[in-house]
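Participant: this one's structure only:
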C-alpha cells in the first residue's frame, strides 16, 4: 500500500502557498519567479491523473518557484526550482512513449519541469517486461538516465519542501547537499523551540494557523523558511 503523508490541517496546495510566501520573504536569497495558477474547476475531468493531483489542480493550476543563492546566481548556477505545469481545457500535457526516457511507459502527464533534461511525470508505466500498466509518479533524469518513483504527490512535495526544492532534490547529489548546506548556514537553527520558530514564521507573513500547519508538515525543517537572524 502506498504511504500517505498525514493531513496537516491545511490542504497540500495551501501549505505550499504558505511555504513559498514565507520563504520568498527572506532577504538573503533571491526569488526569480513565484507564480501560482488560478483554481481550475475542470481539472478532475481534464487531467485523469491521481485524485490528489486532481485536487491540487483544482486549487492551484500550476505553481512556479525559482530561487537563487546570490553566490550561485553570480556564477550562473541554478539553486532551486519547482515548476508544476499548467493545463487548460482538454489540452493536457500527455506524452506517448518515445523511448527517450529511462523507463518505459504507455502514456504520461508532465507534472514538474525544473529543467528540460529532468522532470517529473505521472505515468501509466509498464510493469517489467509485461504490457500490464501501473500508475506512478516518477522523476526522470535524462542526463543520468536514472529515474525515481514517489509513493504520492504529497510525499513528493513534502520531501521537496524539506529540502527547499534545492536543485534536483528528487535525486540528491553532492550539488544538492552543497546548496542545502549553504542555505542551512544562513537559516534559523533547526533546534529552535517550536513556539519561537512559529512566531518567526508568522512575522515573515504567515497566519498563526499557517505557521502551525507548516511546522506540523515539516518539523524542524521549517527552519529553512527563515533566516538565521
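Facilitator: On my side now, so go ahead. The shown structure was predicted, so the numbers you read here are calculated from the model rather than taken from an experiment.

Participant: tell me the contacts of the spatially most central residue of the chain?
Facilitator: By Cα atoms, centre = their mean, the mean C-alpha position of the chain lies nearest to residue 157, the distance being 4.0 Å. Going by Cβ atoms under 8 Å, 6 or more residues apart in numbering, residue 157 touches 12, 16, 82. All C-beta atoms are positioned from the backbone trio N, CA, C, and that covers glycine.

Participant: not including adjacent chain positions, what is the nearest residue to residue 141?
Facilitator: Spatially, and ignoring its direct neighbours in sequence, residue 141 is nearest to residue 118 (4.4 Å; Cβ to Cβ, 6 or more residues apart in numbering).

Participant: for that neighbour, grab the count of nearby residues.
Facilitator: By other Cβ atoms under 10 Å, 20 other residues sit near residue 118.

Participant: show the pLDDT at it.
Facilitator: If you check residue 118, the pLDDT there is 89.

Participant: my guess is it contacts residue 140. True?
Facilitator: Yes. Assessed by Cβ atoms under 8 Å, residue 118 is found in contact with residue 140 at 6.9 Å.

Participant: so for whichever strand or helix holds residue 55, what gets flagged as buried?
Facilitator: Using DSSP states H and E, residue 55 maps to helix 51-59. Within helix 51-59, the residues that count as buried by 16 or more other Cβ atoms under 10 Å are 52, 53, 54, 55, 56, 57, 58, 59.

Participant: wait, the first one sits on residue 154?
Facilitator: Yes. Using Cβ under 8 Å as the test, residue 52 is close enough to residue 154 to be in contact (6.0 Å).

Participant: any common contacting residues for these two?
Facilitator: Shared contacts of residue 52 and residue 154, counting by Cβ under 8 Å, 6+ apart, come down to residue 12.

Participant: which stretches of this protein form helices?
Facilitator: Using DSSP state H, the helices of the chain run over 12-23, 43-47, 51-59, 70-74, 153-162, 174-185, 194-203, 208-218.

Participant: ok, which of these comes nearest residue 87?
Facilitator: Proximity to residue 87, assessed across the helices of the chain by Cβ to Cβ, is greatest for helix 43-47 (6.0 Å).

Participant: state the mean pLDDT of the closest one.
Facilitator: Helix 43-47 shows a mean pLDDT of 66.

Participant: what of stretch 150-165?
Facilitator: On average, the pLDDT along stretch 150-165 is 97.

Participant: does residue 226 really touch residue 188, like I thought?
Facilitator: Yes. With contact defined as Cβ under 8 Å, residue 226 counts as touching residue 188 (5.0 Å).

Participant: identify the contacts common to the two.
Facilitator: Common neighbours of residue 226 and residue 188 are listed as 197, 200 (criterion: Cβ under 8 Å, 6+ apart).

Participant: output the below-cut-off pLDDT ranges for the chain.
Facilitator: For the chain, residues meeting the criterion pLDDT under 70 lie at 1-8, 44-48, 88-100, 102.
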